[in-house]
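Trainee: take a look and give me a structure for this.
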Amino acid sequence: MQISDDVEVLAKRAVAQGWCEPETSSREMDVALADAISRPVARAIQGWHDTAAQYCRNEEYYRGLVEEIGRMFGDAAYISDDGSRQQDVLCAKVPELVRQLIDQPHL
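Mentor: Have a look, this model is predicted:
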């Protein structure tokens, strides 16, 4: 896992901040110890960052699929419950439109 410079700095700052807490503020900071502690902290933060980034990519991908399906329904996918037309596909309406299609009697 590649640790970004921003995450490394964030981890070092967080660990160094530990010496500012009331119970440790009277102690001199051990720089080597702080660096050693900050490495696993940075790995953890980077892991959380990478997980969040992947979640965002997945969300964009699946939202795109729902929007694509909605466009297949035409105007019905853009009309709000109050009758107003929206600029984008109403993703929450797509399952309802699919259900209606499935429930139609087939010829």
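
Trainee: ok, and what's touching stretch 86-101?
Mentor: Residues from elsewhere that reach stretch 86-101 (Cβ atoms under 8 Å, 6 or more residues apart in numbering): 63, 66-67, 69-71, 73, 76-80. For every residue, glycine as well, the C-beta is placed using N, CA and C.

Trainee: now the buried members of those residues.
Mentor: By neighbour count, with 16 or more other Cβ atoms under 10 Å, the contacts of stretch 86-101 hold 66, 69-70, 73, 77-78 as buried.

Trainee: what about the residues you listed, which are in helices?
Mentor: 66, 69-70 (DSSP state H).

Trainee: can you list those in a markdown table and add distance to Ser26 and pLDDT?
Mentor: Shown next, in a markdown table, are these (distance: Cβ to Cβ, whole Å; pLDDT from 0 to 100):
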| residue | distance to Ser26 | pLDDT |
| --- | --- | --- |
| Val66 | 57 | 98 |
| Ile69 | 63 | 98 |
| Gly70 | 62 | 98 |
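
Trainee: of those residues, which is the nearest to Gln17?
Mentor: Minimum distance to Gln17 across those is 42.6 Å, recorded for Val66 (Cβ to Cβ).

Trainee: for the closest one, list the residues it contacts.
Mentor: 89, 91, 94.

Trainee: how near is it to Asp50?
Mentor: 25 Å (Cβ to Cβ, to the nearest Å).
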